[in-house]
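Trainee: for reference, the sequence and a predicted model appear below.
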Amino acid sequence: MAVVAVYVAAAVVWRAVTGRRWLDALVFAGLVGVVNVVTQWVASGARRKAAARDG
């Protein structure tokens, strides 16, 4: 639930800073979510590779 709060906060800040529509803010929050998932996925792969290399 805390993760959703972060995305909502990102949307609210985006809306406040840019003054764009709420739909744009929600798309931005979705983009933040996708980037977060992809980043975690890449980091997981890097950790797995490092662990295999270290033995």
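Mentor: That came through fine. What you see is a predicted model; the values in this text were computed from it and never measured.
Trainee: what helix or strand does residue 28 sit in?
Mentor: helix 22-54 (DSSP states H and E).
Trainee: any regions of this structure where pLDDT drops low?
Mentor: Applying pLDDT under 70 to the chain picks out no residues at all.
Trainee: if we use 90, what do you get?
Mentor: 1-11, 14, 25-26, 28-33, 36, 54-55 (pLDDT under 90).
Trainee: still on that earlier bit, distance between the helix holding residue 28 and the chain's centre?
Mentor: 7 Å (Cα atoms, centre = their mean, to the nearest Å).
Trainee: which other helices and strands contact it?
Mentor: helix 2-18 (3 or more Cβ pairs under 8 Å, 6 or more residues apart in numbering; DSSP states H and E). Just so you know, the C-beta spots here come from the backbone N, C-alpha and C atoms, and that holds for glycine as well.
Trainee: just the buried positions in the helix it packs on, please.
Mentor: Of all the residues in helix 2-18, those buried under the rule 16 or more other Cβ atoms under 10 Å are 7, 10-11, 14-15.
Trainee: ok, so of those residues, who is nearest residue 55?
Mentor: Closest approach between the buried residues of helix 2-18 and residue 55, by Cβ to Cβ: residue 7, at 38.7 Å.
Trainee: got the buried residues for the helix holding residue 28?
Mentor: Result for helix 22-54 [16+ other Cβ under 10 Å]: buried residues 25-26, 28-29, 32.
Trainee: any chance of the buried residues of helix 2-18 in a markdown table, plus distance to residue 39?
Mentor: Shown next, in a markdown table, are the buried residues of helix 2-18 (distance: Cβ to Cβ, whole Å):
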| residue | distance to residue 39 |
| --- | --- |
| 7 | 14 |
| 10 | 14 |
| 11 | 19 |
| 14 | 19 |
| 15 | 24 |
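Trainee: just checking, residue 22 touches residue 15?
Mentor: Yes: using Cβ atoms under 8 Å, residue 22 is in contact with residue 15, at 6.2 Å.
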